[in-house]
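Novice: Just to be clear, the model below is a prediction. Sequence and coordinates:
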Amino acid sequence: MVFAAPNEALDRAQEVLATDASPLHASVAHQVIGIWQRDFGDLRIALHHLRRARDLAARADSAEREADVLGTLGVALVHAGRTRQGLAAFERGVARGTGHTRARVRYRRAYVWWVLGHHREALEDVRRAIPVLRQADDVIWTARALTLRATVHLALGAVERADADFTAAEALWETTGQEHDKADAVESRGLAAFRSGDVPAALRLLDEAEERYAKLGTPTFMLNIRRCEVLMAAGLAPEALAEADAAIAALDGMGGQSTRKAELLLAAARAARLAGDPHTAIARAAVAVRLFCGQRRTWWETHARLVLIEARVAAGRGSGRLVADAAAVAERLASFGAPAAPEASLLAGRIALGLGWTADAERHLAVAARSRHSGPPLARMTGWAAQALRARAAGSARGVLEACRRGLDVLDDHRMTLGASELRARATEQGAELAALAQRASLAGGGPRRLLVWSERWRATVLSAPPTRPPADPALLSGLTAFREIAARAEAARWEGRPVPALEREQRRLEREVRSRTLHIRGDAPGDGHRFDVGRLLDRLGGTRLVALAVLDGRVQVLLCGRGRVRRFEAGLLAEAEVEAEHVQAGLRRLAHPGAEGRLPVVEAAGRRLEELLLGPAAAHLGAGPVVIVPPARLHRVPWALLPSLRQRVLSVSPSASSWLRARETEPPPGGRQVLVRGPGLATGGAEVPEVADRYAQARVLEHEEARVPRVLEELDGAALAHIAAHGTFRADSPMFSSLRMADGPLIVHDFERLDRSPYRIILSSCDTARLASVGADELLGLVTALLPLGTAGVVASSAPVNDAAVVPLMLALHKGLTTGLSLAEALRDARTALPDDALHQATGWAFTAFGAA
C-alpha cells in the first residue's frame, strides 16, 4: 500500500504499532514507516525504523521476512551515502531469502546498482529477478522490475529497448491500484520521450506525473532532476537552476536522501554552466563530486567531474592539466558506455586546441566526431562540432563549413519538433558555436557573400516558420481567460493603492500554467526548406540598400547589399555599441517628459557615436535610396532613425534578410479591412483613433467595453491594417507575456499566436511595444516578432517610452501618408519630418521604428 496510497499506509502502520502486535506484524509496520520516511521523509528516521524491522523479523524467526527488510534497508543505507553497509545488507538479504523473496531483494539491489551507476550489474540482477517474479504472478513487482530495466537501458542510450519495457510495464500497471508506481511510470515515459528527442512530450509527461504525485502528497526529487535535464536541453537553463536549487533546499529541510542531493547538485551545476554562471557551476559540481565519491558512485562522480572541468574552462582556467583530466573522464565514461563520453572527448580536444596542442586535439576530437552519425540530436551536434574543429585545425575552410552545415541541419530538425516559439528560439543556443565557426571560416576565405549567407543561417530562425498554433485546448483557453481576469484585477488594485501580493501570486501561478501548456505543443511544421539566396535578395532590393550587421569576435562587420553586390566594412566593438545604445535609451526616456530639452544635444551626440560604432565607413556608401537595417539581436533597442546618415531616409528594420524577403513577397489580404483599437488608461485616451477612423470609410473601431481580447483577436484576424492604441508592457523575465492592455486585461504574445493570420500591417502607438528579449544564439521574442511569421509584413512600434500627447500628431501624419499609398517606412519618414522641431517631438519620432517591408 505504501506506493498505492502512501499516507494511508503510514496511518495503518502506526495503528498496528499502537496495538500489542506480534514481532512479525510489528516488523511489517516498521518496514512500511521506514519506506515512507526513506522516500518521502527523513532518512535518519527511516534507518531507525528499518533496523527495528530487521531485529523484529529475526525475533519472529522468519528468514523470508528478514531478507525482505534487509533489501529495503540496503536501499536506505545507499541513499544515506553508506554504500558499503548497504551492499553488505543486500548480500545478507540474498543469502537469507529464497525464491520469490530473493527475486524482490535482487530487484532492489538492481535499483541500487542503477543509483550507483553500475549498469551492467543492474541489468544482471534484474534479468535474474524478472522470470521469478513473473512465475509467481507478482504483477506489481514485475512491473517495477520492467520499469527499472527500461530506465537502465535509457542510461546506456538503448532507447528502443527502454520503450519496449516501458510499454510492457504500463500494461501491467493498468491492472493495479498502485497510484505512486503509476505516477513513476508516467515520469519514466517522460524521460524516454526526452531521450528520443521529443522535448514537448517529455515536458507534458513530467507535468502529468507531478500532478499525480501532488494528489498523493509525495515529494518529487527524482522528477525535479529529470525535468532539469529536459529544461536544459530546451534552452531554459536558468529555470533548471532555480528548480534544482529549490529542490535541494526542500530536501535539506526534511533530512532527505544524500544520494538525491548529490544528483540535484549535479543538475544545478550543469544548469549554472549553461546559464553562463561558471563560478556557481564550479561550487555545485565540487560538492557533488565529494558526495558521489563518499557514496562510492563512480559513474555519477565521473559525470560530475566532467561538469566541473567544463565550468573551469568556461571560467578561463584552461590548462594542460585539464586536458589530461578531461581525457581521463572521457575514457572512464566510454568504459561505462555512457552517452556523455563524446562530450568529454570534445572538451579535451577543445582545451588542447586552445593551448596549441594540435596532435593531442586531433586525437580527442576524432573520438568525439564518431558520434555525429547516430544517437539523439544533441549527441550528433557534439560530433559535428568536433568535426568542424578538426577541419579548422587542419586548415580546411571547406571542411569547417560542411561540418557546420550538417550540424546545424541536425539542430534544425530538432527545433522543428518544438511547437512553442520560445523553445525554438532558446534551442538555437546549442548551435551558436557552429554558426560562429562557419562565420569565421567565411570571413577568412569566402568573401562578403559567403559571410552574409552564414550570418543569415542562424539569425532569427524562429521567423522562418510560424509557431504551431495552440490546439483548441479548453484548459489552455480557460487558463488564458483566468490569467487575463486576475491581471486586470491586480492592475486595478495598484491604481487604487490596494495591496496586491495575493493577486500577484495567483497571476504568477496562472502564468506558469499557461506557459507549461504551450511548451507541451509539438511542432507540426517541417520548416520552409528554404536556403537563403543572396542573388534573390539583390534582385528584390532594387534601389534599396540592405545593411546586415554580423558580429565576429566582438567586432561589428557591416555587409552592405545593393546594386548587385555585397561589400564588407569593419566597424566598432559590439560591447561599446551596447553601452552607447543604453545611454541613448536613457536619454529618450528623459526626453519623453517636458522640460528635458537640455538632453537633446547629448542624445544626438550619442547617435553620432553609434553610427561610428555600427556603420563605420559604410555610412558613406549608403546611396540616396531606402535603407533596411538587419541588426544582431543584442542591438534591437537601437533607435536607428537617430543615426545622422539614416535620419532623413526611408528606413526599416528587419530581424534578418530572409525575414525582409518574406515580408516583401507577402501579399495583402483581400478586402482591405481596417481595425482601430483603443485600450483603457491612456493619458490622451487614444485621441488619434477617432481622427484616424475618419480617414478609412470602412474602419472597424473597438473601444471601451468592445475592446476586449476575444473580440479584438476576432477582428484582427486577416485584417489589412490594424492600429492599436493601448498601454504596452514588456516582460524581460517572460517575453511571451509582454502585453497590450485591453478592457478585460492584457492581450499577450500567446494570444497573437492563436491568430490564423495576423494583420498585414499593424501600428502599435504606445510605449515599449518594440522592446524584445534577446535569447538563444541570435533570436528575439516579443510582440513584433510574434506577428512577423503569422502574415504581418510591416509593423510600426516604439522601442522606448514615449509621450502620449506627442504620439498623436505623429500617428495622424503616418496615416495621412498611408492613405496616399506610401509604405509604413515612407509614411513614418514623412511623419517625422512633419512634426514640430522641439525636443519632445523629435525624440518621439526617433523612438518609433518601421519593421518589415510593407
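Specialist: Sure, I can see it.
Novice: Only C-alpha atoms from now on, for both contacts and neighbour counts.
Specialist: Noted.
Novice: Identify the residues contacting residue 692.
Specialist: Contact partners of residue 692, counting by CA atoms under 8 Å, 6 or more residues apart in numbering, are 812, 815.
Novice: Mind listing what's buried along the strand or helix carrying it?
Specialist: Assigning secondary structure by DSSP states H and E places residue 692 in helix 688-695. Buried residues in helix 688-695, counted by 16 or more other CA atoms under 10 Å: 688, 689, 692, 693.
Novice: Model confidence at the last one, what's the number?
Specialist: Okay, so that is residue 693. With respect to pLDDT, residue 693 scores 93.
Novice: Which residue, other than its chain neighbours, is closest to residue 459?
Specialist: Leaving aside its sequence neighbours, residue 459 sits nearest to residue 778 (CA to CA, 6 or more residues apart in numbering; 5.2 Å).
Novice: isn't the one you found right up against residue 462?
Specialist: No: Residue 778 lies out of contact with residue 462 (CA atoms under 8 Å); the separation is 9.8 Å.
Novice: Settle it for me: which of those two has more neighbours?
Specialist: residue 462 (29 against 24; other CA atoms under 10 Å).
Novice: Now do the helix ranked longest in the chain: everything it contacts.
Specialist: What stands out as the longest helix in the chain, according to DSSP state H, is helix 474-496. Applying CA under 8 Å, 6+ apart, the external contacts of helix 474-496 come out as 499-500, 503-504, 506-507, 510-511, 513-514, 517-518, 744-747.
Novice: And stretch 79-97, by the same measure?
Specialist: By CA under 8 Å, 6+ apart, stretch 79-97 touches 43, 63-64, 66-71, 73-78, 102, 105-106, 109, 257-260, 291, 294-296.
Novice: Quick check: ChimeraX command selecting the buried ones in these.
Specialist: Command for ChimeraX that selects the buried part of these, burial taken from 16+ other CA under 10 Å:
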select :43,63,64,66,67,68,69,70,71,73,74,75,76,77,78,102,105,106,109,257,258,259,260,291,295,296
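Novice: Out of the contacts of stretch 79-97, name the ones that lie in helices.
Specialist: The helices in this structure, assigned by DSSP H, contain 43, 63-64, 66-71, 73-78, 102, 105-106, 109, 258-260, 291, 294 from these.
Novice: Let's verify the closest residue to residue 102 other than its chain neighbours: helix, strand, or coil?
Specialist: Using CA to CA, 6+ apart and skipping residues adjacent in sequence, the residue nearest residue 102 is residue 94, 5.5 Å away. The local conformation at residue 94, judged by DSSP: H, G, I helix; E, B strand; the rest coil, is helix.
Novice: Now do residue 94: how many residues are near it, please.
Specialist: As a burial measure, residue 94 scores 22 neighbours (other CA under 10 Å).
Novice: For the helix or strand that contains residue 601, give me every contacting residue.
Specialist: Per DSSP H and E, residue 601 falls inside helix 600-614. With contacts defined as CA under 8 Å, 6+ apart, helix 600-614 is touched by 549, 556, 558, 571-574, 576-577, 580-581, 583-584, 587-588, 591, 619, 642-645, 839.
Novice: pretty sure residue 388 is in a strand, no?
Specialist: No: Residue 388 sits outside any strand when classified using three-state DSSP, being helix.
Novice: Hmm, residue 399 and it touching each other?
Specialist: Yes: using CA under 8 Å, residue 388 is in contact with residue 399, at 6.8 Å.
Novice: Give me the more crowded residue out of these two.
Specialist: residue 388 (30 against 19).
Novice: The nearest residue to that one once chain neighbours are set aside: what secondary structure?
Specialist: Sequence neighbours aside, residue 400 is the residue nearest to residue 388 in space, at 4.6 Å (criterion: CA to CA, 6+ apart). In three-state terms, and counting by three-state DSSP, residue 400 is helix.
Novice: how close does residue 400 sit to residue 365?
Specialist: Per CA to CA, to the nearest Å, residue 400 is found 13 Å from residue 365.
Novice: pLDDT on stretch 779-790, on average?
Specialist: pLDDT averaged over stretch 779-790 gives 85.
Novice: any weak-confidence spans in the protein?
Specialist: 464-472, 524-530 (pLDDT under 70).
Novice: coming back round to it: any shared contact partners between residue 400 and residue 365?
Specialist: Counting by CA under 8 Å, 6+ apart, the contacts common to residue 400 and residue 365 are 387, 389.
Novice: In terms of neighbours, single out the busier of the two.
Specialist: residue 365 (31 against 28).
Novice: you'd agree the more buried one is in a helix?
Specialist: Yes: the assignment for residue 365 is a helix, going by three-state DSSP.
Novice: Isn't it up against residue 346?
Specialist: Yes: between residue 365 and residue 346 there is a contact under CA under 8 Å: 5.5 Å.
Novice: joint contacts of the two?
Specialist: With CA under 8 Å, 6+ apart, residue 365 and residue 346 have common neighbours residue 386.
Novice: about what we covered before: now go through the contacts of helix 600-614 and say which are in strands.
Specialist: 549, 556, 558, 571, 572, 573 (DSSP state E).
Novice: would TSV of these with neighbour count and distance to residue 49 be doable?
Specialist: Shown next, in TSV, are these (neighbours: other CA atoms under 10 Å; distance: CA to CA, whole Å):
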residue	neighbour count	distance to residue 49
549	26	67
556	25	66
558	28	71
571	20	71
572	21	69
573	17	65
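Novice: Do you have the strands of the stretch 601-750 of the chain handy? List them.
Specialist: Using DSSP state E, counting those that start in this stretch, the strands found in the stretch 601-750 of the chain span residues 627-630, 651-653, 674-678, 700-703, 721-725, 728-729, 739-742, 745-748.
Novice: name the helices or strands packed onto the last one?
Specialist: Secondary-structure packing of strand 745-748 (3 or more CA pairs under 8 Å, 6 or more residues apart in numbering; DSSP states H and E): helix 474-496, helix 709-716, strand 739-742.
Novice: can you check the shortest one too?
Specialist: Contacts of strand 728-729 with other secondary structure elements, assessed using 3+ CA pairs under 8 Å, 6+ apart, are made with strand 739-742.
Novice: Same check on the fourth one?
Specialist: Helices and strands touching strand 700-703, as assessed by 3+ CA pairs under 8 Å, 6+ apart, comprise strand 674-678.
Novice: tell me which element the residue nearest to residue 150 when sequence neighbours are not counted falls in.
Specialist: Leaving aside its chain neighbours, residue 150 sits nearest to residue 162 (4.0 Å; criterion: CA to CA, 6+ apart). Element membership for residue 162 (DSSP H and E) is helix 159-173.
Novice: Just the residues contacting that helix, thanks.
Specialist: So helix 159-173 is contacted by 139-140, 142-144, 146-147, 149-154, 181-182, 185, 188-189, 192, 195-196 (CA under 8 Å, 6+ apart).
Novice: my read is residue 547 is in a strand, agree?
Specialist: Yes: judged by three-state DSSP, residue 547 forms part of a strand.
Novice: Next one: it relative to residue 343, how far apart?
Specialist: Taking CA to CA, one finds residue 547 at 38 Å from residue 343.
Novice: What of residue 594?
Specialist: 58 Å.
Novice: the more surrounded of those two?
Specialist: Taking other CA under 10 Å, residue 594 and residue 343 do not tie; residue 343 has more neighbours (26 against 10).
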